[in-house]
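Novice: this is the structure alone, sequence omitted:
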Ligand SMILES: [Zn+2]
């Protein structure tokens with residue numbers, strides 16, 4: 001049962017369905033979850049991160065750093081679930 005659940009989460013992670021997304025900027029509280037998916041997709045296509053952030057109208061440097069530095073750790077965390 002446990003292994004099956006882990007496998008499911010891993011499959012979803014690979015598809016990009018299950019991912020821990022920063023909902024708000026940790027510093028100012030601006031909601032940034034709405035632009036996270038587009039940002040990630042465009043970065044994966046190889047676009048310039050600064051340009052993408054400008055176009056998504058993320059201007060404050062606190063919000064920019066939150067998007068730029070978020071790392072998906074779900075696969076690491078899954079190892080330690082009961
Ligand atoms: Zn901010």
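Specialist: Done, it's in. Computed from a prediction, not measured in an experiment: that's the story for all the values here. Numbers count the residues shown, from 1 in each chain.
Novice: would you mind checking which helix or strand in the chain has the lowest mean pLDDT?
Specialist: Within the chain, no helix or strand scores below helix 2-15, which has a mean of 58 by mean pLDDT, DSSP states H and E.
Novice: from the ion, how far off is the residue most central in space within the chain?
Specialist: Nearest to the mean C-alpha position of the chain, counting by Cα atoms, centre = their mean, stands residue 21 at 4.1 Å. Note on residue 21: its distance to the ion, by Cβ to the ion, to the nearest Å, is 15 Å. C-beta: built from backbone N, CA, C; applies to glycine.
Novice: next: residue 43.
Specialist: Spatial separation of residue 43 from the ion under the definition Cβ to the ion is 19 Å.
Novice: give the helix, strand or coil label for that residue.
Specialist: Going by DSSP: H, G, I helix; E, B strand; the rest coil, the secondary structure assigned to residue 43 is helix.
Novice: ok, and the closest non-adjacent residue to it?
Specialist: residue 49 (5.8 Å; Cβ to Cβ, 6 or more residues apart in numbering).
Novice: I figured the one you found was touching residue 68, is that so?
Specialist: Yes - with contact defined as Cβ atoms under 8 Å, residue 49 reaches residue 68; the gap is 6.1 Å.
Novice: tell me the confidence at the residue nearest to residue 43?
Specialist: pLDDT, residue 49: 95.
Novice: the residue nearest to the centre of the chain - that's part of a strand, no?
Specialist: No - using three-state DSSP, the secondary structure at residue 21 is coil, not a strand.
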